[in-house]
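In: Using only what follows, build the 3D model:
(chains A and B)
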Number of protein chains: 2
Amino acid sequence: MIKKVIPFVHNKLKETVTNEDYVIDGTCGNGYDTLFLSRIAKKVFAFDIQELAIKNTEERLRRNKVYNVKMIQDSHENVDKYIKDKEIKAALFNLGHLPGSDKRVVTKWPSTMKAIQKIKNNLVVNGIIALVVYVGKFGGEEESNELLSYVRSLSHEEYNVIKYSYFNKEKAPYVIIIKKNK
Amino acid sequence: MIKKVIPFVHNKLKETVTNEDYVIDGTCGNGYDTLFLSRIAKKVFAFDIQELAIKNTEERLRRNKVYNVKMIQDSHENVDKYIKDKEIKAALFNLGHLPGSDKRVVTKWPSTMKAIQKIKNNLVVNGIIALVVYVGKFGGEEESNELLSYVRSLSHEEYNVIKYSYFNKEKAPYVIIIKKNK
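Out: Next up is the predicted model:
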């Protein structure tokens, strides 16, 4: 079975995160990933800049009787304002626009990069940052190029960077996993 | 946990192959993969052109009391001579040289490509062909470039092609999985 990108990344997160761990959902969107993370982690810090995303996610969590998520309506680049002295086991960024909303309101690499740089400092050894990248979406190609050039530059002694991609399909979504080695 | 290339590919094979399936080890080498395949499949057809590889693999299988492997000392490009009317669930090609032997005696893309083209015809729907590619080995870069250009050209309606790679390490080994969709 070939895993599609979301099952692949959920599987990696399941292998990594335990119910004693703090995790970050950098882009809560409609809350599907937030709900998934809430079931495997001790606590989720879920960010989104859009009010609609926060509302949709809160509604999904309430319906599922989930109480271990802290919702934060702010850009993920301000992650350090909200998470000061917690060790983080995993962070997930499902990039692009809020599904069902304005396709032109998208994540932008400079703010995602700032978030990643801050989270790296709080990431435990063997912790991961996972990114799902939608090359075909509005602004996706530019975001993808900047992201790839950034992760390629990470020292492979400090971080393993895995790319999981559909190789014979133009502009197919792909996954990047950054794992902290030491 | 980030899987290294061999555990990643073994995991994909485990998800795909059952004990009712026929599989091919295109490059038996010292027999580690052959032994692994023998434990998940009904029968393994194991190819290698080198006598030493055949001997080492036979020895490993004997020590492990494994009897469901047909050893074939021939190039995998002649796969159709030995497997005529069997449906194949998976094939594995661990490319490069025989570990512990002459590093300049390596797999070459033209013969591997012929093998893949023949196996594709006998592959069942949802069956996979997995390739482990060692870019850093003797002749590895040329083999890798030819292989990537071939798999990129496969129709994504007929085949999913997944690439699993260490993205921030020059010449790191990577995995290609070709899955038959229909």
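
In: Could you export the longest strand seen in chain A as CSV, CA atoms only?
Out: Counting residues, the longest strand found in chain A (DSSP state E) is strand A:123-133. In CSV, the C-alpha atoms belonging to strand A:123-133 read as follows (Å, rounded to 0.1, in the frame of the first residue of the first chain):
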residue,chain,number,x,y,z
LEU,A,123,12.2,20.4,20.1
VAL,A,124,13.4,17.3,22.0
VAL,A,125,15.9,14.9,20.5
ASN,A,126,14.1,12.6,18.1
GLY,A,127,11.3,15.1,17.9
ILE,A,128,9.9,16.0,14.5
ILE,A,129,8.6,18.9,12.5
ALA,A,130,6.3,17.7,9.7
LEU,A,131,5.2,19.8,6.7
VAL,A,132,2.6,19.0,4.1
VAL,A,133,3.3,21.1,1.0
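
In: residue boundaries of the strands in chain A?
Out: Going by DSSP E, chain A shows strands at A:22-25, A:43-48, A:69-73, A:88-94, A:123-133, A:159-166, A:174-180.

In: Those into a markdown table, with extra columns for mean neighbour count?
Out: Where you see a C-beta, it was placed from the backbone N, CA and C, and this is true even at glycine. Output for the strands of chain A, formatted as a markdown table (neighbours: other C-beta atoms under 10 Å in any protein chain shown):
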| stretch | mean neighbour count |
| --- | --- |
| strand A:22-25 | 27 |
| strand A:43-48 | 25 |
| strand A:69-73 | 18 |
| strand A:88-94 | 25 |
| strand A:123-133 | 20 |
| strand A:159-166 | 21 |
| strand A:174-180 | 22 |
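
In: could you dump the ones you listed to JSON lines with mean pLDDT and distance to chain B?
Out: Listed next are these as JSON lines, based on pLDDT from 0 to 100; distance: least, C-beta to the nearest C-beta, whole Å:
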{"stretch": "strand A:22-25", "mean pLDDT": "98", "distance to chain B": "15"}
{"stretch": "strand A:43-48", "mean pLDDT": "97", "distance to chain B": "20"}
{"stretch": "strand A:69-73", "mean pLDDT": "98", "distance to chain B": "24"}
{"stretch": "strand A:88-94", "mean pLDDT": "97", "distance to chain B": "11"}
{"stretch": "strand A:123-133", "mean pLDDT": "97", "distance to chain B": "7"}
{"stretch": "strand A:159-166", "mean pLDDT": "95", "distance to chain B": "4"}
{"stretch": "strand A:174-180", "mean pLDDT": "96", "distance to chain B": "5"}
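
In: returning to what we had before: neighbouring strands for the longest strand of chain A, and are they parallel or not?
Out: Looking at strand A:123-133 with DSSP bridges, its partner strands are strand A:88-94 (parallel), strand A:174-180 (antiparallel).

In: check contacts around the residue lying farthest from the centre of chain A.
Out: Outermost residue of chain A with respect to the C-alpha centroid, by C-alpha atoms, centre = their mean, is A:Asn168; its distance is 24.8 Å. A:Asn168 sits next to B:Val151, B:Arg152, B:Ser153, B:Leu154, B:Ser155, B:His156, B:Tyr159, B:Asn160, B:Val161 when contact means C-beta atoms under 8 Å, 6 or more residues apart in numbering or on different chains.

In: A:Leu13 now?
Out: Contact partners of A:Leu13, counting by C-beta under 8 Å, 6+ apart, are A:Val23, A:Phe36, A:Leu37, A:Ile40, A:Ala90, A:Leu92, A:Ile128, A:Ala130.

In: just the helices in chain A please.
Out: According to DSSP state H, chain A carries its helices in the segments A:5-16, A:32-40, A:51-63, A:79-82, A:109-122, A:140-152.
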